[in-house]
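**Q** model the following, please.
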Amino acid sequence: MTPPAIRPELSTAPAADRRGQGTATTGLRDLFALLGDLLIDGGDTRLSLDRPWGRNAYGCGPSPAPDLVCFSSSTASPISERAFARVELAREQLMHAAISLGVDEALDRRTEEMRGELRGHLRLADDVDVIFSPSGTDAQLHALALVRAQLGETITSVIVGSDQTGSGTAASARGRHFNARTASGLAVTRDAPIDGLSGDAVFLPLFDAVSMQPRGDIDGAVFETVEALIRCGRNVLLQAMDASKLGWRGPGLACLDEVARRWPGRVRIVVDACQMRLDPTGLREHLDRGHLVLISGSKFFGGPAFSGALLVPRDVAAAMRRGPAIAPGLFGYINRSDWPLAWTNLRACSAPRANIGQWLRWEAALAEIAAYQAVPEVFRRMAIRQLGEAIESLLMLSPVLRPLATGAAADEASSEFGFATIFPFALQRDGRLLDLGETQAVYRALQQDLSDRFSGRDAAVAGRQCLIGQPVRIDRDGEPPIAALRLCIGAREVTEAWCDDVTTARVNLEADIDRIADVVAKTELLVTDLSSQDLRDICHAN
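**A** Numbering: from 1, shown residues only. Down below sits the predicted model:
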């Protein structure tokens, strides 16, 4: 079947202006809105477009951007032409179904089918339930509500990798509003308590501020923290990291197993796997241990930003099907179709509003996941290894880009995720590390066509628009904060390089490596040839 033609669309008015400050769509006529507007609807202010630039806070628009040099999957990626075609077709199919069923019922049925598709792609058991959500931060609230329903209200969240997780985690871990508006369009007060979810949290960073390396004592710190909380009469939601914004992990499975063995019924483990840089075997290991797992379709797999989900292991799913009392404040963050069909009691308590934007973003993500899984595993491993080796070499040779530690490698024989896929680096000029503000200015300038500021070959380099992983703040003892930028390998680099013809596939990988070199070259040009004031002026002008 020939996919629908790609037609980038963007209205002159933000979706929030047209539909009640971002309220999720609920009627058949809303499906006829411009597709670009639907794709940024049903989220929060992070999806709002900076007009006339036409991109959101992640540097992505709602339409394909094939000319953008993009290695940004640790943050967000623009939608691909393949995924955009899938979204167009999915909308058309839902329109036909909604004529006889209504939008809510049609979307309910399609969402349940998507649960099965996601389980199939990730090779998960049928008794693993899926709760869809607008974002990974929303999914954290869902996990907190489920754990509180099981362990009671005397819960403290322990967040591992708090320095390298989503910006809203500091609020969501304490059961507080993390934005001024929920995805359902409810106006709230940022950092105000959510009814029935508010509580305490302990934050454990992964970064060693002295060595600028992953801290080596994280397993011990986790165990000691949990032990102290249990001793004080608290139950614990322990959120492990697999993997962080810098590709780091912690604590190890042995530590998690010992915590679960030592304090059964007092600790529930939630794994932040929103980066999705682990294979189906790793996912199953967590779920088989009874861990809840936070995932997204918008990081490694390259779906559009704001496609989150919570994977629920069999024992928790069975308990939730019985319909225990759940925090009332959660219902401002969830819609009926987000719950599995078998969770009848919770569905009955939830609004039947249809979040069309969330659904379409997951349709796009499923297209990317399916395409990646269709690539032979041997090529996936080879491509990720070769691209990673090229990035490491370019970083080591650069006088400007100072590489930081990548995620600790697993068993390289096990899967493609035995190799690093996120490559963080700081920037330096004349032996001095650039500070947070300077690094943010370089990040923004990379996305601009700056060919008019240079001549000759430099103009061609400066003209390339490059999107990489957003700056991650790094605090140092006794020093001003700096930031790490990130070159990332995502599923789309592999999928778009794959071809049955080996020679063509190799040529495609070499082209990817050339594009990575373009990003490095432009970054070096910005740091060496432009002053910090020049960079700030560029950002303010755009």
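**Q** model confidence for residue 415, exactly?
**A** Here the pLDDT value assigned to residue 415 is 81.
**Q** mind checking how far residue 68 is from residue 495?
**A** 17 Å (CB to CB, to the nearest Å). C-beta coordinates here come from the backbone N, C-alpha and C atoms, glycine included.
**Q** so those two - more neighbours on which side?
**A** When residue 68 and residue 495 are compared for neighbours, residue 495 comes out ahead with 22 against 18, by other CB atoms under 10 Å.
**Q** ok, then the element right after the host helix or strand of the more buried one?
**A** Assigned by DSSP states H and E, residue 495 belongs to helix 491-497. Next helix or strand after helix 491-497 toward the C-terminus (DSSP H and E): helix 502-529.
**Q** show me what counts as buried in stretch 201-221.
**A** By neighbour count with 16 or more other CB atoms under 10 Å, stretch 201-221 contains the buried residues 201-208, 212, 214-215, 218-219, 221.
**Q** among those, find the lowest-pLDDT one for me.
**A** Among the buried residues of stretch 201-221, residue 212 carries the lowest pLDDT, at 80.
**Q** chain neighbours aside, what residue packs nearest to that one?
**A** Once flanking residues are discounted, residue 212 sits nearest to residue 404: 6.5 Å by CB to CB, 6 or more residues apart in numbering.
**Q** for the residue of the chain most remote from its centre, give me its contacts.
**A** Relative to the centre of the chain, the most outlying C-alpha is that of residue 456, 38.3 Å out, by CA atoms, centre = their mean. Contact analysis of residue 456 by CB atoms under 8 Å, 6 or more residues apart in numbering lists nothing.
**Q** do you know the pLDDT at it?
**A** Among the per-residue scores, residue 456 holds a pLDDT of 92.
**Q** cool, and the one 4 residues further on?
**A** What the model reports as pLDDT for residue 460 is 96.
**Q** test my guess that it contacts residue 450.
**A** No - no contact is recorded between residue 460 and residue 450 when judged using CB atoms under 8 Å, the distance being 11.0 Å.
**Q** neighbour count for those two, which is higher?
**A** residue 450 (23 against 14).
**Q** and the residue nearest to that one when sequence neighbours are not counted, how far is that from residue 451?
**A** Nearest non-adjacent residue to residue 450, counting by CB to CB, 6+ apart: residue 462, 4.1 Å away. According to CB to CB, residue 462 stands 5 Å off from residue 451.
**Q** who has more neighbours, these two?
**A** Comparing residue 462 with residue 451 by neighbour count (other CB under 10 Å), the higher total belongs to residue 462, at 23 against 14.
**Q** show me the contacts for that one.
**A** 449-451, 453-454, 522, 525-526.
**Q** 6 Å - rerun?
**A** Counting by CB atoms under 6 Å, 6 or more residues apart in numbering, residue 462 makes contact with 450-451, 454.
**Q** for residue 535, same thing?
**A** 441, 445.
**Q** try it again with 8 Å
**A** By CB under 8 Å, 6+ apart, the neighbours of residue 535 are 438, 441-442, 445, 526.
**Q** again with residue 380
**A** With contact set as CB under 8 Å, 6+ apart, residue 380 has these partners: 372, 416, 494.
**Q** which residues in the stretch 1-150 of the chain form strands?
**A** Along the stretch 1-150 of the chain, counting by DSSP state E, counting those that start in this stretch, strands occupy 69-71, 129-133.
**Q** isn't there a helix covering residue 156?
**A** No - applying DSSP: H, G, I helix; E, B strand; the rest coil, one finds residue 156 to be strand, outside a helix.
**Q** partner residues bridging it?
**A** When bridges are called by DSSP bridges, residue 156 pairs up with residue 200, residue 236.
**Q** ok, it touching residue 239?
**A** No - counting by CB under 8 Å, residue 156 does not reach residue 239; the two are 11.3 Å apart.
**Q** looking at these two, which is more packed in?
**A** Neighbours of residue 156 and residue 239, each counted by other CB under 10 Å, are more numerous for residue 239; the result is 28 against 21.
**Q** specify the local secondary structure of the more buried one.
**A** Assignment for residue 239 (three-state DSSP): strand.
**Q** residues in contact with it?
**A** Taking CB under 8 Å, 6+ apart, we find residue 239 in contact with 140, 143, 157-160, 173, 269-272.
**Q** just the helices in the stretch 351-500 of the chain please.
**A** 356-373, 377-397, 436-446, 456-462, 491-497 (DSSP state H, counting those that start in this stretch).
**Q** now swap in the stretch 151-300 of the chain and tell me
**A** Using DSSP H, counting those that start in this stretch, helices in the stretch 151-300 of the chain cover 169-172, 218-231, 253-262, 280-288.
**Q** winner for burial among those helices?
**A** Across the helices of the stretch 151-300 of the chain, averaging neighbours per residue (mean count of other CB atoms under 10 Å) puts helix 169-172 on top, at a mean of 22.
**Q** restricting to C-alpha, output that helix in PDB.
**A** Extracted in PDB, the C-alpha atoms of helix 169-172 (Å, rounded to 0.1, in the frame of the first residue of the first chain):
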ATOM      1  CA  THR A 169      11.100  14.600  38.400                       C
ATOM      2  CA  ALA A 170      11.900  16.800  41.300                       C
ATOM      3  CA  ALA A 171       8.200  17.600  41.500                       C
ATOM      4  CA  SER A 172       6.600  14.300  40.300                       C
END
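**Q** now for that helix, which elements pack on it?
**A** Applying 3 or more CB pairs under 8 Å, 6 or more residues apart in numbering; DSSP states H and E, we find helix 169-172 packed against helix 136-151.
**Q** that older thread, which one of the strands of the stretch 1-150 of the chain lies nearest to residue 321?
**A** strand 129-133 (8.4 Å; CB to CB).
**Q** what's the angle from that closest one to helix 136-151?
**A** With axes from the mean of the first three to the mean of the last three CA atoms, to 10 degrees applied, the angle from strand 129-133 to helix 136-151 works out at 130 degrees.
**Q** partners of strand 129-133 in the sheet?
**A** By DSSP bridges, strand 129-133 pairs with strand 308-312 (antiparallel).
**Q** what does whichever helix or strand comes after the partner strand rub up against?
**A** The element immediately downstream of strand 308-312 (helix or strand, assigned by DSSP H and E) is helix 314-321. The contact list for helix 314-321 (CB under 8 Å, 6+ apart) reads 125, 127-129, 146, 149-150, 287, 290, 292, 312, 340, 342-344, 346.
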